[in-house]
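Student: Take this sequence and fold it.
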Amino acid sequence: MARPQLNDKLDLPQVDQALTPWQSNIMAGNYAFERGALLEARDKYTTAHTLAAHLLSQFSRAKVCQSVIGAIEHCCPALVVAAHNLADTYRAMNQCEQACKWLCNVHLTLSHLIEHPCNSVRAVVVHHHHKTYLELVQFAQMHSHHPHLIEQINYTLSFSFDQAATVH
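Tutor: Numbering: from 1, shown residues only. Below you'll find the predicted structure:
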């Protein structure tokens, strides 16, 4: 199957349309989470994460133009929201290791994207990268009694471009 090509004439309504399934899954996941249907919430958030990750990957490899930067501005928070919702769901399921995995993965994804050759793309990513950084630090503080999670978080944070932090 041929992969769809992104062109530099893309406008933001198309990005919003592409993110509509993400939004539907996030909303369904939120509803499931509120009802205590954690497996359903996990599945919806996983689908939303997959959609956002795919779109972000496609746009981050596209020829940079204002529309692509706008698309990345939409996809970065979509990815972060889905990952953080997954982490919250796994915490509610008492699966801290899985929660930590999702927080680390989204932070690493953004850590790699910060190395994008375009300054405008990097500027977009920095804001969300800082949010994932803070979420990891907060998670580490809440789970300081799990040394293996702290080790995983420290490893993840060692890839941060802006701060060489170690959480104890």
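
Student: Show me the strands in this structure, by range?
Tutor: If DSSP state E is used as the criterion, the chain turns out to lack strands entirely.

Student: for the chain, which helix is longest?
Tutor: With residue count as the measure and DSSP state H as the assignment, the chain has helix 66-92 as its longest helix.

Student: Let me see the mean pLDDT of that helix.
Tutor: Model confidence over helix 66-92, given as mean pLDDT, is 95.

Student: swap in stretch 147-165?
Tutor: Confidence over stretch 147-165 (mean pLDDT, whole number) is 77.

Student: go on, stretch 105-118?
Tutor: On average, the pLDDT along stretch 105-118 is 94.

Student: And for the nearest residue to Arg91 once chain neighbours are set aside, the neighbour number?
Tutor: Once flanking residues are discounted, Arg91 sits nearest to Ala99: 4.7 Å by Cβ to Cβ, 6 or more residues apart in numbering. To be clear about C-beta, it is placed using only N, CA and C from the backbone, and glycine gets the same treatment. Other residues near Ala99 number 24, with proximity taken as other Cβ atoms under 10 Å.

Student: Ala99 and Cys65: what is the separation?
Tutor: When Cβ to Cβ, to the nearest Å is applied, the distance between Ala99 and Cys65 equals 37 Å.

Student: That'll do, ta.
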